[in-house]
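> Pasting a predicted model and its sequence here:
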Amino acid sequence: MRYSQILIPTLKEVPAEAEVISHQLMLRAGFIKKLTSGVYTYMPYGLAAIRRVENIVREEMNRAGAQELSMPMVQPADLWQESGRYEKYGPELLRFRDRHERQSCLGPTHEEVITDIARKELHSYRDLPVNLYQIQTKFRDEIRPRFGLMRGREFIMKDAYSFDVDDEAAEVSYRKMFDAYNRIFQRCGLEFRCVQADSGAIGGSFSHEFMVLADTGEDTIAVCNDCSWAANLEKAEVKLAEPGDSVEQQPMVKVETPGKRKVNSVCEFLAIKPDQLVKTLVYLADDEPVAVLLRGDCELEEVKLKNYLGVTEIRPADDKEIYDATGVPSGYLGPVGIRIRLLADQEVTQMVNLTVGANEKNHHLQNVNQGRDFEVREIADFRRLTTADPCPSCGGTIRLVEGIEVGHIFKLGTSYSESMKAFYQDRDGNGRPLVMGCYGIGVSRVVAAAIEQNHDAHGIIFPAPLAPYQVTVLNLDLNDNEVSAAAEKIYIQLNEAGFDAFIDDRDERPGSKFKDADLLGFPYRITVGKRFKENSMVEVRRREDGTTEDVGIEDVVSYISSKIAN
RNA sequence: CGGGGCGUAGCGCAGCCUGGUUAGCGCGCCUGCCUUGGGAGCAGGAGGUCGCAGGUUCGAAUCCUGCCGCCCCGACCA
């Protein structure tokens, strides 16, 4: 590609709208142009990067035996009513009526459409297994689009759906996708982790998220330093420590704690450590108040609580709501005699002689014991894992890293096939629901994540597999025939050797060409300038670390070949 | 939706508080000269319904009201 033939409107200054680095760089490198909130035009250079990701995804999906198809973006509401999601999905689903007043929506995902295909076309166990995928634009009317392509309303997604005869077969399909995903992100040249997204009570893990590691990630993931265990912090289980030696229960006493409402001030006042105190947090779960007991030095993981309760929304109650629900001012709540639903983090049940609020202003209770002084029936893992906790898998040490979710696979089971009546006939002629799985990759987000992970002060540093062009040739002097001829020759030879080469043939000063080459992130840059006239050598520079080497013009192609596979 | 902020040339901003003739600056763009290994220099030039609609006023980018759009912080997700 010639720079003179491609529209890459680069910017010197950072547009005010961009906060995160990938967004800033994509705007500056002429990747994307915003049309409206969360909706972008992919400009030629940006589209080229997206195509790189798509091609890797497509090759690996095909290799895993999946078939590509393309489903409509506009979908009838009836289908969504059948699955029950038309009501459930919420305002992210963009609904509208067509000229016939037919209720319609823009597809945020395609379970309904694919299940409709499946029920019409997959009738026999002999038709299975099947895995169908597409790479397509999705629309989700996000509450708050942000960070450019990282969380747009319109975005490109690869979504695949598998259909199997039973659970066992579905797990085979799942496994294939798990392997394909690992290959895809490896081939993209990204540092990533696959994390458990849901460790169901069944024992097996049937949902995994693929996270690209980057400081600006929206999720925190816990990673074991000693084994391969990794989990989204929201779901990372805390392994209960072995119970220590049994301690004798002391008689409960009530103590005055005037004005001491916070864990730290109570502990200081009573000369105890935060891990001897149990705090009582009040949340509103779908507007119903619940109390959760948690060790004083720990933090509640709200997602765990939300999942346990199976509600759609939870939030901490404010002081007034706490008082209204319990009759106790916040800061003095405790389990003894509490009048709302009570849950406890598993760790609390191992503690003896607790200090808790007395459910009375300015008072706490000490030496409180579960079973003797209060009852709690609902016990689970509610607290957030910390780096002080052992790895739940091997007992090793944990570290926390930030990640960007680029892929998510999960086993759906039969919920869609049952609600939408997608049955096949087994060997004995019995109708059975198709067992489904679904597998997503945020293609446009992968590009954002790649930039988020690979950049420096000068611009993007593309991993070679994702770079729209692996190597750029800078012709520093268009008016010098010797220089221009050499640059053209190198460019042509690189293309002939199978590389996607780029040449900066604009009538610009050298400085601009260097700056743009850095900004656009070509993995290799070949500079043809006056040095070439002196000694017939050109400079080859590696974007990643800035190292340079002078290479003779005849050796350039083989030099590049030795550095990157094409 | 709740909380905060912003809309002035393609981009980044000043001017607004304290209304007053042709609305500024930097970058980019066009023409010419000059220059050519890290976003040069000089000279000339094009480009703006000051987000929109009302209102106050002799006079509004500036003050008031309403609307629209965008960005940031929270819940959601690939």
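Nice, thanks for sending it over. Quantities reported herein were computed from a predicted structural model and do not represent experimental measurements. Numbering: from 1, shown residues only, chains lettered A, B, ... in the order given.
> remind me which residues of the stretch 151-300 of chain A are low pLDDT?
When residues are selected by pLDDT under 70, those of the stretch 151-300 of chain A lie in A:198-205.
> So which bits of the stretch 201-350 of chain A are right by RNA strand B?
Taking C-beta under 7 Å from any atom of the strand, the part of the stretch 201-350 of chain A that reaches RNA strand B is made up of A:209-210, A:218-219, A:303, A:306, A:313. No exception for glycine: its C-beta is placed from N, CA and C like everyone else's.
> try 6 Å this time
The stretch 201-350 of chain A has residues A:218-219, A:313 near RNA strand B, with proximity defined as C-beta under 6 Å from any atom of the strand.
> and those residues, which of them are in strands?
When those are checked against strands using DSSP state E, the ones located there are residue A:219.
> Just give me the residue right at the centre of chain A.
residue A:405 (1.2 Å; C-alpha atoms, centre = their mean).
> is that residue in a bridge, and if so with what?
Partner residues in beta bridges with residue A:405: residue A:211, with DSSP bridges as the criterion.
> Distance of it relative to RNA strand B?
Distance from residue A:405 to RNA strand B, counting by C-beta to the nearest atom of the strand, to the nearest Å: 4 Å.
> OK, contacts around that residue?
If you count contacts by C-beta atoms under 8 Å, 6 or more residues apart in numbering, residue A:405 has them with A:209-211, A:218-219, A:442, A:445.
> quick one on the thing from earlier: format the residues of the stretch 201-350 of chain A next to RNA strand B as JSON lines; extra columns: neighbour count and distance to residue A:159.
Listed next are these as JSON lines, based on neighbours: other C-beta atoms under 10 Å; distance: C-beta to C-beta, whole Å:
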{"residue": "A:218", "neighbour count": "15", "distance to residue A:159": "20"}
{"residue": "A:219", "neighbour count": "15", "distance to residue A:159": "20"}
{"residue": "A:313", "neighbour count": "9", "distance to residue A:159": "27"}
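> before we move on, the earlier item: mind checking which of the contacts of residue A:405 are buried?
With burial judged by 16 or more other C-beta atoms under 10 Å, the buried subset of these is A:209-211, A:442, A:445.
> got the residue ranges for the helices in the stretch 351-500 of chain A?
Using DSSP state H, counting those that start in this stretch, the helices of the stretch 351-500 of chain A run over residues A:415-419, A:443-453, A:481-496.
> from the chain's centre, how far out does the first one sit?
What it means is helix A:415-419. 27 Å (C-alpha atoms, centre = their mean, to the nearest Å).
> Report all helices and strands that that helix contacts.
Helices and strands touching helix A:415-419, as assessed by 3 or more C-beta pairs under 8 Å, 6 or more residues apart in numbering; DSSP states H and E, comprise helix A:77-83, helix A:111-121, strand A:435-442.
> follow-up on the earlier one: nearest to RNA strand B among the buried ones among the contacts of residue A:405?
Of all these, residue A:442 has the smallest distance to RNA strand B: 2.7 Å, by C-beta to the nearest atom of the strand.
> Show me the beta-bridge partners of the closest one.
Applying DSSP bridges to residue A:442 yields these beta-bridge partners: residue A:157.
> Also residue A:438?
Taking DSSP bridges as the rule, residue A:438 bridges to residue A:161, residue A:410.
> ok, it - contacts?
With contacts taken as C-beta under 8 Å, 6+ apart, residue A:438 has the following neighbours: A:111, A:159-162, A:409-410, A:412.
> which parts of stretch A:534-549 are buried?
Using 16+ other C-beta under 10 Å as the test for burial, stretch A:534-549 gives A:537-541, A:543.
> What is the end-to-end distance of it?
Stretch A:534-549 has its terminal residues 16 Å apart, counting by C-alpha to C-alpha, to the nearest Å.
> Whether that stretch contacts RNA strand B - can you check?
Yes: Stretch A:534-549 lies within reach of RNA strand B by C-beta under 6 Å from any atom of the strand, at residue A:539.
> With stretch A:179-189 instead?
No: using C-beta under 6 Å from any atom of the strand, stretch A:179-189 stays clear of RNA strand B, with a minimum separation of 10.1 Å.
> residues in contact with that stretch?
A:53, A:56-57, A:60-61, A:63-64, A:66, A:192, A:194, A:208, A:210, A:212, A:406-407, A:409, A:439, A:441, A:446, A:450, A:463-466.
> mind giving me the domain split of chain A?
Per automatic domain parsing, the domain ranges recorded for chain A read A:3-71+A:113-237+A:399-452, A:253-380, A:469-563.
> any idea how far residue A:333 is from the closest residue to RNA strand B within the stretch 251-400 of chain A?
Closest residue of the stretch 251-400 of chain A to RNA strand B, C-beta to the nearest atom of the strand: residue A:313 (5.9 Å). For residue A:313, the distance to residue A:333 under the criterion C-beta to C-beta, to the nearest Å works out to 22 Å.
> cool, residue A:266 as well?
12 Å.
> Secondary structure element for residue A:558, which one?
Taking DSSP states H and E as the criterion, residue A:558 maps to helix A:556-563.
> which parts of that helix are buried?
Of the residues in helix A:556-563, those buried under the neighbour-count criterion (16+ other C-beta under 10 Å) are A:556-557, A:560.
> what's the answer for stretch A:147-165, then?
Judged by neighbour count (16+ other C-beta under 10 Å), stretch A:147-165 contains these buried residues: A:147-165.
> burial of residue A:215, as a residue count?
Residue A:215 is flanked by 10 other residues according to other C-beta atoms under 10 Å.
> First-to-last residue distance for stretch A:525-540?
Chord length of stretch A:525-540, first to last residue, is 6 Å (C-alpha to C-alpha).
> Tell me where the model's unsure across the stretch 1-150 of chain A.
For the stretch 1-150 of chain A (pLDDT under 70), the answer is none.
> who in it is up against RNA strand B?
The stretch 1-150 of chain A has residues A:10-13, A:15-17, A:19, A:36-37, A:92, A:140, A:142-144, A:146-147 near RNA strand B, with proximity defined as C-beta under 6 Å from any atom of the strand.
> Which of these fall in strands?
Using DSSP E, the subset of those located in strands is residue A:36.
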